[in-house]
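Participant: just need the structure, nothing else, for what follows:
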Amino acid sequence: MPPKVSRLQVHYPFYIPQLNRQRAIRVLLPRNYWKDSSRRFPVIYLQDGQNLFDPATAAFRHWKLKEFMERQPLKRQAILVGIDHGGVDRSHEYAPYQRGKSGGPKSQIFVSGSKTETRSMEPMLEKTYWALKHGGYSDQQIRVVAKDRGSHSEAFWAREFKPMYEWLFPVTVF
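Facilitator: This next block holds a predicted model:
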């Protein structure tokens, strides 16, 4: 085990040639990562990396994912990779794109919103579901959730991380 290696590692600058930009990549390793070098861990890639782990880098409030992962049993540990967003270019970078006829390595999509977030949220979530279905995703690959209450906030997304995580990685996967 390396001496005093932080479980949260920040890699900057990380060059993204497709965008001709640099970003910070934040990687949270499982707490048992160094103890079992033969163990393979699932990896979750997350957007808005600066909001996930550290209140000092969060634009609003952070998701407290270090604390969440600390509470997970060893058999449910995963590697979390947070990719910082591009500030003013955020919406352009996160816009959907065509997958093509063959699609990609198997993907799963979890979308959650609140009916109280905006009046149009519930119909937007329904349209999202059907757009994904028509785009070739099966019900096993997508989860679109309309919560009764919540706001467009880091606190809401932090609460939604747990159901997303448990859906993506059921106990039987580990």
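Participant: can you pull out the strands in the chain?
Facilitator: With DSSP state E as the criterion, the chain has strands at 8-16, 21-28, 43-46, 79-83, 109-114, 142-147.
Participant: got the buried residues for the longest one?
Facilitator: Using 16 or more other Cβ atoms under 10 Å as the test for burial, strand 8-16 gives residue 10. Just so you know, the C-beta spots here come from the backbone N, C-alpha and C atoms, and that holds for glycine as well.
Participant: looking at that strand now, give me its mean pLDDT.
Facilitator: Averaging pLDDT along strand 8-16 yields 91.
Participant: between it and strand 21-28, how big is the angle?
Facilitator: 160 degrees (axes from the mean of the first three to the mean of the last three Cα atoms, to 10 degrees).
Participant: sheet partners, orientation included, of strand 8-16?
Facilitator: Sheet pairing of strand 8-16 (DSSP bridges) gives strand 21-28 (antiparallel).
Participant: same question for the fourth one.
Facilitator: For strand 79-83, sheet partners with direction are given as strand 21-28 (antiparallel), strand 43-46 (parallel), following DSSP bridges.
Participant: want to throw these into TSV with mean pLDDT?
Facilitator: Converted to TSV, the strands paired with strand 79-83 look like this (pLDDT from 0 to 100):
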stretch	mean pLDDT
strand 21-28	94
strand 43-46	95
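Participant: quick one: the residue nearest the centre of the chain from residue 117, how far?
Facilitator: Of all residues in the chain, the one closest to the mean position by Cα atoms, centre = their mean is residue 46, 3.1 Å from it. According to Cβ to Cβ, to the nearest Å, residue 46 and residue 117 sit 20 Å apart.
Participant: just residue 86 next, same as before
Facilitator: Taken as Cβ to Cβ, the span from residue 86 to residue 117 is 23 Å.
Participant: more neighbours: which of the two?
Facilitator: Neighbours around residue 86 and residue 117, counted as other Cβ atoms under 10 Å, are more numerous at residue 117. The numbers are 19 against 16.
Participant: now do the same contact list for that one.
Facilitator: Residues near residue 117 by Cβ atoms under 8 Å, 6 or more residues apart in numbering: 150-152, 156.
Participant: equivalent analysis for residue 9, please.
Facilitator: So residue 9 contacts 26-27, 29 (Cβ under 8 Å, 6+ apart).
Participant: and which of these is nearest to residue 51?
Facilitator: Checking the contacts of residue 9 against residue 51 with Cβ to Cβ, the nearest one is residue 26 at 10.0 Å.
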